[in-house]
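Student: no sequence on this one, just coordinates:
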C-alpha cells in the first residue's frame, strides 16, 4: 500500500491542526515596502536607500531637507550594543531622539505615555538594520527600548536636538521588565 500524500491545512481549517501558534502579521507588501506598524503621534520614520559605490556603500543618516522635524541637531553619539543586549526603557521630558542603526540589527519598541496624545497607550515596534536603513524620530514623552537582534554587535547612532546635560539629565528610566509598559523583550540565551 502506497502512502497517500498529506494535504497541507488551509487557513480555513486551522482548528483541525494538532498544534497551536501565533499567526505572523504582515511586515511587508508585495512591492517590498514595509507594512505600517501602529502609528504613534509625532513619531516619524524615514526609510533610506543605500547608495552602491565602486568601493562599498554610502548611506545618508540625516538631512534637514527630509523635513522630519524642525529641531536642531545638538549632539550626535553612538552606542555599541552586544548581541541580544537590551537598553530599556528610556524617555525624555524635552529631548527628541533620532535613532539610526549603523551596523547590525536592532528592534526599537515605542510606548506612548503622553496623557494628551491621541495615541496614548499605543505600542509600536520598528526594526532598523544595516541592510535596510531608516531614521526613527522619537518625540519627548514616548518611552523607547532598543534590543540588538543580530548575532553581531549593533551600533545605534542618536542625533538629539538637546545635548545631554551632565548636571541635570533629561533622561528618565524604567526597568526593561516594567509592568507599566505592556511589552516584554525576549531574552537571548
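Tutor: Arrived safely, thanks for sending. Please read these numbers as outputs of a predicted model, since none were measured by experiment. Numbers count the residues shown, from 1 in each chain.
Student: so where's the chain shaky on pLDDT?
Tutor: Within the chain, the segments meeting pLDDT under 70 span 1-20, 32-34, 36, 189.
Student: can we see that at 50?
Tutor: 1 (pLDDT under 50).
Student: ranges for the helices of the chain?
Tutor: Assigned by DSSP state H, the chain shows no helices.
Student: measure stretch 154-174 end to end?
Tutor: 22 Å (C-alpha to C-alpha, to the nearest Å).
Student: quick one: residues in contact with that stretch.
Tutor: 61-62, 69, 71-81, 83, 85, 88-106, 143, 146, 148, 180-181 (C-beta atoms under 8 Å, 6 or more residues apart in numbering). Every residue, glycine included, has its C-beta placed from N, CA and C.
Student: tell me, how many residues neighbour the nearest residue to residue 180 once chain neighbours are set aside?
Tutor: Nearest non-adjacent residue to residue 180, counting by C-beta to C-beta, 6 or more residues apart in numbering: residue 174, 6.1 Å away. Using other C-beta atoms under 10 Å, residue 174 has 17 neighbouring residues.
Student: same question for residue 94.
Tutor: 10.
Student: ok, now which ones touch it?
Tutor: Contacts of residue 94 by C-beta under 8 Å, 6+ apart are 140, 162, 170.
Student: quick one on the thing from earlier: so which of the contacts of stretch 154-174 belong to strands?
Tutor: Residues of those located in strands (DSSP state E): 75-81, 88-91, 97-103, 105-106, 143, 146, 148.
Student: quick check: ChimeraX command selecting the buried ones in those.
Tutor: Filtering the ones in strands among the contacts of stretch 154-174 down to the buried ones (16 or more other C-beta atoms under 10 Å) takes a single ChimeraX command:
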select :81,88,89,90,91,97,98,99,100,101,102,103,105,106,143,146,148
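Student: who touches stretch 43-60?
Tutor: Under C-beta under 8 Å, 6+ apart, the answer for stretch 43-60 is 34, 61, 66, 68-69, 110, 124, 126, 132-139, 142.
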